[in-house]
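Undergrad: 3D, please:
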Amino acid sequence: MTLSLQDISKTMRDIDLCMLTSKTVTGELSSRPMSNNRKVDWNGDNWFFADGISSAAQEIAANPKVNLAYSREAGLLSKPFFVSVTGHAELVNDRAEMEKHWVKDSEAWFKDGLDTPGLVMIHVKADRVNYWDGMDQGELRL
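TA: Reported below is the predicted structural model:
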């Protein structure tokens, strides 16, 4: 069965963490976990808070091509679900945009909230989405 962007969005609402992969200055791949703060209507845009001097932010500044990997384990009433998002990232310093995405749980990593020195957002705009929903798989181009 082919999934639509809305089908994928519905499933992704309950997946909090993904792995963000970027390219280092030496050309190697580097991955780290990121939180999408759950409960979002996913339209291909992905928003993450980060420290502006982190390796993720520095790598994105040098090369914006990234990959995001999301997964949900099979449960009693659900099958395993995997999503690979290929896209382009940018660093965002806009306070109003940050306010739209901020959730109280983010203070676990950024204790001064939106006033945390060096706080940036990583905005990943999806170009391609590959998914595996149990035995079904497919690709969407955005």
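Undergrad: The spatially closest residue to D94 that is not a sequence neighbour: how many residues sit nearby?
TA: Distances taken as C-beta to C-beta, 6 or more residues apart in numbering place M121 nearest to D94, at 7.9 Å, with adjacent residues excluded. In this view, the C-beta of every residue, glycine as well, is placed from N, C-alpha and C. The tally of other residues near M121 (other C-beta atoms under 10 Å) stands at 20.
Undergrad: In its sheet, which strands sit next to the helix or strand harbouring M121, and in what direction?
TA: Here M121, judged by DSSP states H and E, is contained in strand 119-133. Sheet pairing here is set by DSSP bridges, and for strand 119-133 it gives strand 45-51 (antiparallel), strand 81-92 (antiparallel), strand 136-141 (antiparallel).
Undergrad: now those strands as TSV including distance to D14 and mean pLDDT?
TA: Putting the strands paired with strand 119-133 into TSV (distance: least, C-beta to C-beta, whole Å; pLDDT from 0 to 100) gives the following:
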stretch	distance to D14	mean pLDDT
strand 45-51	15	95
strand 81-92	10	97
strand 136-141	19	95
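Undergrad: Distance to A69 and mean neighbour count added to the ones you listed, as TSV?
TA: TSV is the format used below for these (distance: least, C-beta to C-beta, whole Å; neighbours: other C-beta atoms under 10 Å):
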stretch	distance to A69	mean neighbour count
strand 45-51	12	19
strand 81-92	6	19
strand 136-141	14	13
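Undergrad: Distance to A74 for these - can I get that in TSV?
TA: Below are the strands paired with strand 119-133 laid out as TSV (distance: least, C-beta to C-beta, whole Å):
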stretch	distance to A74
strand 45-51	24
strand 81-92	8
strand 136-141	14
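Undergrad: Out of these, which is closest to I15?
TA: Among the strands paired with strand 119-133, strand 81-92 comes nearest to I15, with 7.9 Å by C-beta to C-beta.
Undergrad: Name the residue most distant from the centre of this structure?
TA: In terms of distance from the mean C-alpha position of the chain, L76 ranks first, at 26.2 Å (C-alpha atoms, centre = their mean).
Undergrad: What strand or helix carries that residue?
TA: Of the helices and strands defined by DSSP H and E, none includes L76.
Undergrad: Buried residues, the strand holding M121. List them.
TA: By 16 or more other C-beta atoms under 10 Å, the buried positions in strand 119-133 come out as 119-126, 129, 131, 133.
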